[in-house]
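Asker: Structure, please.
(chains A and B)
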Amino acid sequence: MSDVVDLKAQFGTLEFKNPLLTASGTYGYAREYHHMVNLDHWGALVTKSVTLHQRDGNPPPRLVETEYGLLNSVGLANVGVHRFIEEKLPFLRTVDTTIIVNVAGFNVAEFVEVVSLLDREDGIDAYEINVSCPNVDDGCIIGTDSTIVHELISALRRITDRPLILKMTPNVTDIGVIAKAAERAGVNGFSVINTIYGMAVNLESKKPMLKRVIGGYSGPAIKPIALAKLWEVRQASTLPIIGIGGITNAHDVLEFLVVGASAVQIGTASLRDPNIVDAILQELISYASSRNIARLADLIGTLEVSENISF
Amino acid sequence: MSPELEKGEITYREQIRDDLVFLRCLAPRFSGNALPGQFVHVRAGSGNLPILRRPYSLFDADGDSVDLLVAIVGRGSAIIAESQVGEKLDLMGPLGNGFPPHPPETPVVMIAGGVGVAPMHFLWRRWQPLGFQNKFLLGASTKAAIPLPKKSPLREIAAISTDDGTLGYHGTVIELLLNRIENGAVGEDKDSLIYACGPVPMIRALVPLLIQHNLHGLISVEQTMGCGIGACQGCAVARSNDKPSPYLLTCLDGPVFRFEDLDLAQLPEHSHEL
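Answerer: Below is the predicted model:
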């Protein structure tokens, strides 16, 4: 998109054409948008979570808009890995960008089975391992336990050479401990963060707004929390990180890069503007051009912190 | 017809009530392909809040414009409703499944409650020139609340009920329907179809009546909607039958459904808007 600004984002062995990725669950399997968006413009497409079996998802209501954010309780509704391979993957192969399949499961064996099925298929560049869904029973259990994370990543590392990106939950006491466990097991990078536990109440009916009471909170309200968690993971590991949480414009993207993300994902904001990738790319180019920044990646991890601050 | 994104200029605006606005908006990329029952997903303002677009069933559409009825029920709808002639609305559409073609030889009774008149009006407008003899029942709380633009011919053609009796039949539109069934104006032909859109309590009152009188029909429902296009799976509604799946998506499978396909008891009473 630009001759003067280098937007490429290196993520371990992966190279994204720019640092803007879709966030799992907010962009379906991307085909939904191919009539209205040039999907090639995304740095990577991250699919909806794929599980071993098809999932119907949670009882409605599943979505509640709040003052500054969005609560969802979708519950990993997806077509399952077999239909994903048959019905969704062929289209994704035709998109000229990096394809990351988000994989979810309820135990190590399920993750292993899904990844081994996907690993036979071409057209997949990496796996994002979702151990952090707040909307299913036990969905967060794996992601909050460093021992299980280690076991899971070790098991997946044995069966695939493709990059493994751990999608991390913020709903933990120390996210750095989980990151270190995953790094020891051979993970290639992190996505930080998944949604935060949240809840909304209807005062009239005295009922929770979501049928399942608690859901996952996203949107502009969570950006400061996401930046803090990104910073904590940055302190714990040198592996590359994808920043996620409340990003709506180029300034948000750049803040995540400065704190240490190599790329970012945009989720909730693309529900409002499916073509947000083009708007933000334009803003990024203007920003970099006006400041004579030749490579966007030069901004990664440039946060200046007083040396006498202890973490 | 694939949905499109289009920034359409508002060419006409009419304040029907303090809390209800009629907007005509240019949308030549998709307006000609829109079907009655389909909706457009409208961005409220150009900023980050509110988070989600707002879905509106089309009140009408022709070769270059779409018509919307925007009831102010929260801050998103207020932003849209306060848009003025000359300003542009960010539209995504047409979305969802519309009503099927008119069934041959079968009269259709259209029932609208409040701003639920929008999809029913579009359907009536499409079918009326074809000479179909359909009935239109419209319910409102009071005469001043009739949710139609000043010049709408439906004001003359529809049988109107008001909750307070200030215009037309004194009672709800469902009571009006029951009245018409009892005096033989509706339903003597057992093939009569009922198409309806309105508040959830209206739909819940309607369905037992349909079952009792062996009538079939379609309803258009409203849900809080995320993407509007099937990607986020946020607008699920419960099915009456668990097979093959316990849920349907309002945006993709609807918003027009056969009433017997939905578990109406689980339909949220109010679509929440901040």
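Asker: And what about residue B:211, helix, strand or coil?
Answerer: helix (DSSP: H, G, I helix; E, B strand; the rest coil).
Asker: Residue B:110 versus that one, what's the distance?
Answerer: Using CB to CB, to the nearest Å, residue B:211 is found at 19 Å from residue B:110. Quick note: C-beta positions are derived from backbone N, CA and C, even for glycine.
Asker: which outside residues touch the one helix or strand residue B:25 maps to?
Answerer: Using DSSP states H and E, residue B:25 maps to strand B:20-26. Strand B:20-26 has contacts (CB atoms under 8 Å, 6 or more residues apart in numbering or on different chains) with B:8-16, B:59, B:64-72, B:80-83, B:89, B:91, B:115, B:145, B:147, B:149.
Asker: One more: stretch B:56-68?
Answerer: So stretch B:56-68 is in contact with B:8, B:11, B:22-28, B:31-32, B:34, B:36-40, B:42, B:69-70, B:91, B:93-94, B:117-119, B:121-122, B:125, B:197, B:220, B:222, B:255, going by CB under 8 Å, 6+ apart.
Asker: now it: how far from the chain's centre is it?
Answerer: In terms of CA atoms, centre = their mean, to the nearest Å, the centre of stretch B:56-68 is found 12 Å from the chain centre.
Asker: in it, what counts as buried?
Answerer: In terms of neighbour count (16 or more other CB atoms under 10 Å in any protein chain shown), stretch B:56-68 has its buried residues at B:56, B:57, B:58, B:59, B:60, B:61, B:65, B:66, B:67, B:68.
Asker: is chain B contacted by the strand or helix carrying residue A:230?
Answerer: Here residue A:230 sits within helix A:223-236, counting by DSSP H and E. No: judged by CB under 8 Å from any CB of the partner chain, helix A:223-236 makes no contact with chain B; its nearest approach is 10.5 Å.
Asker: Packing partners of that helix?
Answerer: helix A:175-184, strand A:189-192, strand A:241-244, helix A:250-259 (3 or more CB pairs under 8 Å, 6 or more residues apart in numbering or on different chains; DSSP states H and E).
Asker: neighbours of residue B:243, just the number please.
Answerer: 6 (other CB atoms under 10 Å in any protein chain shown).
Asker: hang on, it is in a helix, isn't it?
Answerer: No: per three-state DSSP, residue B:243 lies outside any helix segment and is coil.
Asker: Rounded mean pLDDT for the strand holding residue B:25, please.
Answerer: In this model, strand B:20-26 carries a mean pLDDT of 98.
Asker: quick one: low-confidence ranges for the stretch 51-200 of chain B?
Answerer: B:187-191 (pLDDT under 70).
Asker: before we move on, what about chain A?
Answerer: A:1-3, A:134-140, A:308-311.
Asker: And for it, the residue most distant from the center?
Answerer: Note on chain A: the largest C-alpha distance from the chain mean falls to residue A:204, namely 35.4 Å (CA atoms, centre = their mean).
Asker: For ChimeraX, write a command that selects the buried ones of the contacts of stretch B:56-68.
Answerer: Only the buried entries of those go into this ChimeraX selection, using 16+ other CB under 10 Å:
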select /B:8,22,23,24,25,26,27,31,34,36,37,38,39,40,42,69,70,91,93,94,117,118,119,121,122,125,197,220,222,255
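Asker: Following the chain past the host helix or strand of residue B:117, name the next helix or strand.
Answerer: According to DSSP H and E, residue B:117 maps onto helix B:117-127. Counting by DSSP H and E, the next helix or strand C-terminal to helix B:117-127 is strand B:135-140.
Asker: Sheet partners, orientation included, of the helix or strand harbouring residue B:66?
Answerer: Assigned by DSSP H and E, residue B:66 belongs to strand B:65-71. Note on strand B:65-71: by DSSP bridges, its sheet partners are strand B:20-26 (antiparallel), strand B:60-61 (antiparallel).
Asker: wait, what's in contact with the closest residue to residue A:176 other than its chain neighbours?
Answerer: Once flanking residues are discounted, residue A:176 sits nearest to residue A:236: 3.2 Å by CB to CB, 6 or more residues apart in numbering or on different chains. Shown in contact with residue A:236 (CB under 8 Å, 6+ apart): A:175, A:176, A:177, A:179, A:180.
Asker: Then residue B:155?
Answerer: Counting by CB under 8 Å, 6+ apart, residue B:155 touches B:146, B:148.
Asker: Now with 6 Å, please.
Answerer: By CB atoms under 6 Å, 6 or more residues apart in numbering or on different chains, the contact list for residue B:155 reads residue B:148.
Asker: Residue B:237 now?
Answerer: A:60, B:248, B:250, B:262.
Asker: And residue B:266, what's its pLDDT?
Answerer: Looking at residue B:266, its pLDDT reads 85.
Asker: what's the spacing between it and residue B:55?
Answerer: Where residue B:55 is concerned, residue B:266 sits at a distance of 19 Å (CB to CB).
Asker: I figured residue A:108 hits residue A:154, correct?
Answerer: No: using CB atoms under 6 Å, residue A:108 is not in contact with residue A:154; the gap is 9.1 Å.
Asker: Ramachandran coordinates for the closest residue in space to residue A:211 that isn't next to it in sequence?
Answerer: Closest residue to residue A:211 apart from its sequence neighbours, by CB to CB, 6+ apart: residue A:59 at 4.5 Å. Main-chain dihedrals, residue A:59, degrees, to the nearest 10: phi -70, psi 150.
Asker: what about residue A:59, how many neighbours?
Answerer: Considering only other CB under 10 Å, residue A:59 is surrounded by 18 other residues.
Asker: try the one 5 residues further on
Answerer: Burial of residue A:64, expressed as a neighbour count using other CB under 10 Å, amounts to 25.
Asker: Find the nearest non-adjacent residue to the residue in chain B positioned nearest to chain A, please.
Answerer: Taking CB to the nearest CB, chain A has its nearest neighbour within chain B at residue B:231, 3.0 Å off. Leaving aside its chain neighbours, residue B:231 sits nearest to residue A:28 (3.0 Å; criterion: CB to CB, 6+ apart).
Asker: got the angle for the helix holding residue A:230 vs helix A:250-259?
Answerer: Interaxial angle of helix A:223-236 relative to helix A:250-259 (axes from the mean of the first three to the mean of the last three CA atoms, to 10 degrees): 20 degrees.
Asker: Now helix A:223-236 - C-alpha only, CSV.
Answerer: What follows is helix A:223-236, C-alpha atoms only, in CSV (Å, rounded to 0.1, in the frame of the first residue of the first chain):
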residue,chain,number,x,y,z
LYS,A,223,-7.2,-1.1,26.0
PRO,A,224,-5.3,0.0,29.1
ILE,A,225,-5.7,-3.4,30.6
ALA,A,226,-4.4,-5.0,27.4
LEU,A,227,-1.4,-2.7,27.3
ALA,A,228,-0.6,-3.7,30.9
LYS,A,229,-0.8,-7.4,30.2
LEU,A,230,1.2,-7.0,27.0
TRP,A,231,3.9,-5.2,29.1
GLU,A,232,3.9,-8.0,31.7
VAL,A,233,4.3,-10.7,29.0
ARG,A,234,7.0,-8.5,27.4
GLN,A,235,8.9,-8.5,30.7
ALA,A,236,8.5,-12.3,31.0
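Asker: what angle sits between that helix and helix A:175-184?
Answerer: Using the same axes, to 10 degrees: helix A:223-236 against helix A:175-184 is 50 degrees.
Asker: Buried residues, helix A:223-236. List them.
Answerer: For helix A:223-236, by 16+ other CB under 10 Å, it's A:223, A:226, A:227, A:228, A:229, A:230, A:231, A:232, A:233, A:234, A:236.
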